[in-house]
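Participant: Quick one, what's the 3D model for this:
(one chain, ligands or ions: 1)
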Amino acid sequence: MYAPGDVRVEEREDAKIIEPTDAVIRVSAACICGSDLWLYRGIEALNGPTPMGHEYIGVVEQVGDQVRNVKVGDFVVGSFVASDNTCEICQAGYQSRCIHNVMMGSEGTQAELARIPLADGTLVATPGEPDKDLIPSLLAASDVLGTGWFAAVAAEAGPGKTIAVVGDGAVGLSAVLAAKQLGAERIIAFSRHPERQALAREFGATDIVEERGDAGAAKIKELTGGYGAHGVVEAVGTQESMWQAINSARAGGYVGYVGVTHGVQLDGLNLFFTGVHLHGGPAPVRRFLPELIRLIWDRTIDPGKVFDLTLPLDEAAEGYKAMDERRATKVLLTL
Ligand SMILES: [Zn+2]
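Facilitator: Purely as a prediction, here's the structure:
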């Protein structure tokens with residue numbers, strides 16, 4: 001990305017091994033993330049031309065001398081944050097905040113080749129070469145599915161629970177799927193888009209609410225006997241969506257927040273009296289990858305349905321434009 005609205009596909013130097021813990025993968029598919037749009041729209045500052053992309057699947061092409069867990073030829077899925085998976089933070093299940101974490105956006109995976117730092121702790125090999133139709137779902141596991149899954153876990157989704165989901169983008173829809181898999185009894189999706197409502201229902205939503213903000217939260221209270229949801233996923237990251245999530249939860253309930261916040265300020269006294277647990281941040285996708293790969297491989301879940309536009313990498317600029325103009329929810333880039 002050269003500047004807001006200016007995406008170009010061009011030749012760069014090949015990714016190569018720098019540290020002995022690195023791998024280089026040949027990317028099979030990448031995608032454009034809602035968070036890439038913050039730069040595209042000029043809301044986050046861009047310091048000159050920068051490689052883009054942090055979601056990826058592909059085949060290991062080279063490994064550094066110290067890499068043990070993956071080998072050349074393995075088909076791998078990795079998290080959008082590289083982690084050692086051995087430090088105390090990783091061992092506790094918070095790999096995205098690993099003390100040695102590397103944000104994959106700094107490498108740029110919307111590319112033919114990508115360097116993956118800390119390969120042993122970051123990459124998970126699939127059981128073999130995947131069938132073509134599994135590619136979108138495996139790619140989803142790299143970020144949106146893992147993020148939605150973490151949000152549903154943080155919202156304490158489980159049997160007997162009512163879970164509300166704020167945000168009907170790829171992460172919110174993935175959180176609906178996750179809440180269903182985790183056994184939630186009732187799943188309420190906030191959405192105004194007919195196609196996204198339909199996919200939410202397919203993924204397991206039992207109710208759709210079109211109201212937003214305070215009116216949306218009031219609707220959740222109304223649907224839950226005045227209590228509010230046991231757990232709420234926040235997958236947007238705005239002032240309005242954050243309070244919508246908090247106010248949709250019952251006292252003692254849980255909010256799993258994974259929308260990257262922009263300009264959100266929470267009044268302490270208002271927060272104090274909600275009595276709600278807040279748990280979120282960049283999702284530790286690596287914690288869930290082995291299970292997510294298994295569920296996809298067994299064809300138990302089909303999270304790849306969140307992709308509604310597929311383009312060759314060469315047409316990445318059109319992909320950004322389509323997402324910016326909301327003509328697409330999530331764009332898959334093929335190589
Ligand atoms: Zn770590």
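
Participant: which parts of the stretch 51-200 of the chain sit against the ion?
Facilitator: Contact residues, the stretch 51-200 of the chain versus the ion (C-beta under 5 Å from the ion): 83-84, 87, 90, 98. No exception for glycine: its C-beta is placed from N, CA and C like everyone else's.

Participant: Kindly reformat those residues as JSON lines containing neighbour count and secondary structure.
Facilitator: Below are these laid out as JSON lines (neighbours: other C-beta atoms under 10 Å; DSSP: H, G, I helix; E, B strand; the rest coil):
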{"residue": "S83", "neighbour count": "28", "secondary structure": "coil"}
{"residue": "D84", "neighbour count": "20", "secondary structure": "coil"}
{"residue": "C87", "neighbour count": "17", "secondary structure": "coil"}
{"residue": "C90", "neighbour count": "23", "secondary structure": "helix"}
{"residue": "C98", "neighbour count": "25", "secondary structure": "coil"}
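
Participant: quick one, what contacts the residue most central in space within the chain?
Facilitator: Centroid-nearest residue in the chain: V144, 2.4 Å away (criterion: C-alpha atoms, centre = their mean). Contacts for V144 (C-beta atoms under 8 Å, 6 or more residues apart in numbering) come out as 33, 55, 170-171, 174, 303, 306, 330.

Participant: Repeat that for L145.
Facilitator: By C-beta under 8 Å, 6+ apart, the neighbours of L145 are 137, 174, 177-178, 292, 303.

Participant: out of those residues, who's nearest I220?
Facilitator: Comparing these against I220 with C-beta to C-beta places A178 closest, at 18.7 Å.

Participant: In three-state terms, label the closest one for me.
Facilitator: helix (DSSP: H, G, I helix; E, B strand; the rest coil).

Participant: Pretty sure it sits against W149.
Facilitator: Yes. With contact defined as C-beta atoms under 8 Å, A178 reaches W149; the gap is 4.2 Å.

Participant: any residues touching the helix or strand of the chain with the lowest mean pLDDT, and which ones?
Facilitator: When each helix and strand of the chain is scored by mean pLDDT, DSSP states H and E, helix 36-40 comes last, with a mean of 92. Helix 36-40 is contacted by residues 1, 4-5, 7, 44, 46, 50, 52-53, 260, 262, 320, 323-324 when judged by C-beta under 8 Å, 6+ apart.

Participant: ok, 7 Å please
Facilitator: 1, 4-5, 44, 46, 52, 262, 320, 323-324 (C-beta atoms under 7 Å, 6 or more residues apart in numbering).

Participant: Spell out the residue ranges of the helices in this structure.
Facilitator: Ranges of helices in the chain, per DSSP state H, are 36-40, 88-91, 119-122, 135-141, 144-154, 170-181, 194-203, 213-223, 239-248, 268-274, 285-297, 316-324.

Participant: Nearest approach to V63 belongs to which of those helices?
Facilitator: Of all the helices of the chain, the one in closest proximity to V63, counting by C-beta to C-beta, is helix 119-122 (6.5 Å).

Participant: tell me which residues in stretch 89-98 are buried?
Facilitator: Buried residues in stretch 89-98, counted by 16 or more other C-beta atoms under 10 Å: 89-90, 94-96, 98.

Participant: can you check stretch 204-223 too?
Facilitator: Buried residues in stretch 204-223, defined by neighbour count with 16+ other C-beta under 10 Å: 204-209, 212, 216-217, 219-220, 223.

Participant: how about it as PDB, C-alpha atoms only?
Facilitator: C-alpha atoms of stretch 204-223 as PDB (Å, rounded to 0.1, in the frame of the first residue of the first chain):
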ATOM      1  CA  GLY A 204     -26.300 -21.200  14.000                       C
ATOM      2  CA  ALA A 205     -27.900 -17.900  14.800                       C
ATOM      3  CA  THR A 206     -31.400 -18.500  16.300                       C
ATOM      4  CA  ASP A 207     -32.400 -14.800  16.400                       C
ATOM      5  CA  ILE A 208     -31.600 -11.700  14.300                       C
ATOM      6  CA  VAL A 209     -31.800  -8.200  15.800                       C
ATOM      7  CA  GLU A 210     -31.600  -5.200  13.400                       C
ATOM      8  CA  GLU A 211     -31.500  -2.400  16.000                       C
ATOM      9  CA  ARG A 212     -28.200  -0.900  17.000                       C
ATOM     10  CA  GLY A 213     -26.600   0.900  19.900                       C
ATOM     11  CA  ASP A 214     -28.900   1.400  23.000                       C
ATOM     12  CA  ALA A 215     -31.900   0.300  21.100                       C
ATOM     13  CA  GLY A 216     -30.100  -3.000  20.200                       C
ATOM     14  CA  ALA A 217     -29.100  -3.600  23.800                       C
ATOM     15  CA  ALA A 218     -32.700  -2.900  24.900                       C
ATOM     16  CA  LYS A 219     -33.800  -5.500  22.400                       C
ATOM     17  CA  ILE A 220     -31.500  -8.100  23.900                       C
ATOM     18  CA  LYS A 221     -32.900  -7.400  27.300                       C
ATOM     19  CA  GLU A 222     -36.400  -7.800  25.900                       C
ATOM     20  CA  LEU A 223     -35.500 -11.100  24.400                       C
END
